[in-house]
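**Student:** I'd like to go over a predicted model; first the sequence, then the structure.
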Amino acid sequence: MEITRGQNRLIKPAIEDGLSNQMTVLLSTWDLMVPKRHVPVIYAYELPDGASTDQPQLVSKLLEDGLAKALVEYKEYAGRMSKDANGSPVFALNGQGAAWFDAEARVALRDLMPFPPGDDIFQLVPPHREAEEFLLVQFTRFTCGGFTLGIAQDHQVTDGEGAFMFMDAWFSAVRGQRIHSPLHDRSALMARDPPQPKFGKGGRPRTAMKDLEEEGAYFTTFESLAGHLWRCVARARGLNGEMGCKTSVAVNARRILGKKLPDNYNGNATIAAFAESGVGDLTEKPLFYAAGIMREAIKSVDEEYIFSSLDCMALERKNQTGIPDHWLPNPSLYFTSWVNLPLYKTDFGWGTPLFVGPPLAPPNVLVLIPSHTQDGSIDAVATVSAPVMEKLESYAFEI
C-alpha cells in the first residue's frame, strides 16, 4: 500500500483562554505506572451510498473543527509534558495543540479488509515515536471515497475507557451536540501519604482455587478466551513443562472503586492483575484450569489491592515519567480487552465505522477487540515471533 502523507499542522482549542493556558495537572501515581508511549487506533469509514467522492474533504474540515471544540474541554490533549516547582511531572494545559496529518492512499478501502495488523496498516496512523504532542491524528483518503482516522493518544494522559470518552466528546462536537466536561483532578488515584503497601510488586499471594473443578463451573467469555489463548501461546512457544508461566490481565478499577472515582474521571484507572501457573499444568489440564486462574487473578483486584499497588509504586519510583523497568514482574504475556469499549458507536454523523482497532500490538501483548463483523464475535490482536505465530494460529482453533 502506497501512502502519501503531508506535513503536520497543529489543531488548537477553538477558544483561547489565557488563564487556563497557565494551568497544570499533576499526574497521578497511576498515570506514572503506565509506559510512556502513544496508543494507535484506526477508524475506517466507507463513503455512504449516493455521496460524492469529494465528500471526505468536507468531512475532514468538520472533524478538524470538532476537534478544536473538544480540545476546549479536554485540555490535556492540546498540552505538553512539563514539571512543577518540585520537579514532579505535570501536564501543562498550554493550548499548543494536537498534531494533524492529511494523507492519501492509492487503494480502495475494502481492499484492506479485514485490516490485518502489521507494518502496512501501521501507515494509517500518524508518526508518533517520541512525539511531544499528546494527540496525533491522520486523516487518510482512499480512491473509493472512503477514509480512515488514525489516532495516536499518549497513554499517560488516559487509559482505553478515557480515550473513548474523549472520542465520544469529539464526535459529539462534530454533530453539534453538547460536550460534557471531564474531571482534570487526578488526586483520587494518588498513593497514600505515607504509603502503606500490604504486599509487594506483582500483587498479593495466590489463594487456593476453590470449586473450579466442579462440572459445569461458569466462566465469563473473557476468562475462558484469555485462558485458552494463554495456554495456546505457552504451547506455541514450546516452553518446558517445569517452568513457571506468568501473565497479566488489565482490570478496570472504575468498576471496583465506584463512586470514589467520578464517571468523568479523565486519567488512567486500569491496573494489572497477575496470573501464574506451571507450564505443564497450564497446557495439559482442561481449559477450566486456565480460566479459573484468570478468574482468581481478576477477583484479587479490590480496593486494598489497588491502593497497595499505588503505594508500592510510590516507594520504588524516583521522580520519573514512565514505569521503572524493574518494578513489574516479567509476565510472558499481557492481556487487555477492548470488548466492552464502544468502538462501533463512534458516529460523528457518517454512520457506523467499517472497522475499529489497533494496527499493531506491542510485543507480547494480546488485545481482544470486537470483530469488524459486528456479530458478537471477538478478534485477538497479538504480536509474537513468526514461528510462534504459525503454531499459535493452529492451536487457537483447538479446544
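**Tutor:** Nice, thanks for sending it over.

**Student:** what packs against the helix or strand that contains Gln138?
**Tutor:** Using DSSP states H and E, Gln138 sits in strand 135-142. If contacts are counted by 3 or more C-beta pairs under 8 Å, 6 or more residues apart in numbering; DSSP states H and E, strand 135-142 sits against helix 55-73, strand 98-105, strand 147-154. Every residue, glycine included, has its C-beta placed from N, CA and C.

**Student:** looking at those, which is buried most?
**Tutor:** strand 147-154 (a mean of 25; mean count of other C-beta atoms under 10 Å).

**Student:** packing partners for it?
**Tutor:** strand 38-45, helix 55-73, strand 135-142, helix 160-174.

**Student:** what helices or strands is the second one leaning on?
**Tutor:** Right, the one you point to is helix 55-73. By 3+ C-beta pairs under 8 Å, 6+ apart, helix 55-73 packs against strand 9-11, strand 98-105, strand 135-142, strand 147-154, helix 160-174.

**Student:** partners of the third one, with directions?
**Tutor:** As defined by DSSP bridges, the strand partners of strand 135-142 come to strand 98-105 (parallel), strand 147-154 (antiparallel).

**Student:** Tell me what angle the last one forms with helix 55-73.
**Tutor:** Here strand 147-154 points in a direction 20 degrees away from that of helix 55-73 (axes from the mean of the first three to the mean of the last three C-alpha atoms, to 10 degrees).

**Student:** likewise the first one?
**Tutor:** Strand 98-105 and helix 55-73 are oriented at 170 degrees to each other (the same axes, to 10 degrees).

**Student:** returning to what we had before: okay if I get the helices and strands packed on helix 55-73 as a markdown table plus distance to Glu76 and mean pLDDT?
**Tutor:** Below are the helices and strands packed on helix 55-73 laid out as a markdown table (distance: least, C-beta to C-beta, whole Å; pLDDT from 0 to 100):
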| stretch | distance to Glu76 | mean pLDDT |
| --- | --- | --- |
| strand 9-11 | 14 | 98 |
| strand 98-105 | 10 | 98 |
| strand 135-142 | 9 | 98 |
| strand 147-154 | 8 | 97 |
| helix 160-174 | 9 | 96 |
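
**Student:** JSON lines for these, including distance to Val90?
**Tutor:** What follows is the helices and strands packed on helix 55-73, written out as JSON lines (distance: least, C-beta to C-beta, whole Å):
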{"stretch": "strand 9-11", "distance to Val90": "21"}
{"stretch": "strand 98-105", "distance to Val90": "18"}
{"stretch": "strand 135-142", "distance to Val90": "17"}
{"stretch": "strand 147-154", "distance to Val90": "14"}
{"stretch": "helix 160-174", "distance to Val90": "18"}
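
**Student:** of all these, which lies closest to Ala386?
**Tutor:** strand 147-154 (25.2 Å; C-beta to C-beta).

**Student:** Just the C-alpha atoms of that closest one, please, in CSV.
**Tutor:** Only the C-alpha atoms of strand 147-154 are listed here, as CSV (Å, rounded to 0.1, in the frame of the first residue of the first chain):
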residue,chain,number,x,y,z
PHE,A,147,-11.3,7.3,4.7
THR,A,148,-9.6,6.4,7.9
LEU,A,149,-8.9,8.3,11.0
GLY,A,150,-5.6,7.1,12.5
ILE,A,151,-5.4,8.2,16.2
ALA,A,152,-2.3,8.1,18.5
GLN,A,153,-3.1,9.1,22.1
ASP,A,154,-0.5,9.4,24.8
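
**Student:** hang on, the earlier thing: pull the CA atoms of the strand holding Gln138 into CSV?
**Tutor:** The C-alpha trace of strand 135-142 is given here as CSV (Å, rounded to 0.1, in the frame of the first residue of the first chain):
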residue,chain,number,x,y,z
LEU,A,135,-2.7,13.5,20.5
LEU,A,136,-1.8,13.0,16.8
VAL,A,137,-4.4,12.4,14.1
GLN,A,138,-4.0,11.2,10.5
PHE,A,139,-6.9,11.6,8.0
THR,A,140,-6.3,9.3,5.0
ARG,A,141,-8.5,9.4,1.9
PHE,A,142,-8.9,6.3,-0.3
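
**Student:** Compute the first-to-last residue distance for stretch 299-308.
**Tutor:** 15 Å (C-alpha to C-alpha, to the nearest Å).

**Student:** surely Leu149 meets Ile42?
**Tutor:** Yes: between Leu149 and Ile42 a contact is recorded at 7.3 Å, counting by C-beta atoms under 8 Å.

**Student:** got TSV for the strands paired with strand 135-142, with distance to Pro195 too?
**Tutor:** Output for these, formatted as TSV (distance: least, C-beta to C-beta, whole Å):
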stretch	distance to Pro195
strand 98-105	35
strand 147-154	26
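
**Student:** Centroid-nearest residue for this structure?
**Tutor:** In the chain, the residue lying closest to the centroid (C-alpha atoms, centre = their mean) is Gly160, at 4.1 Å.
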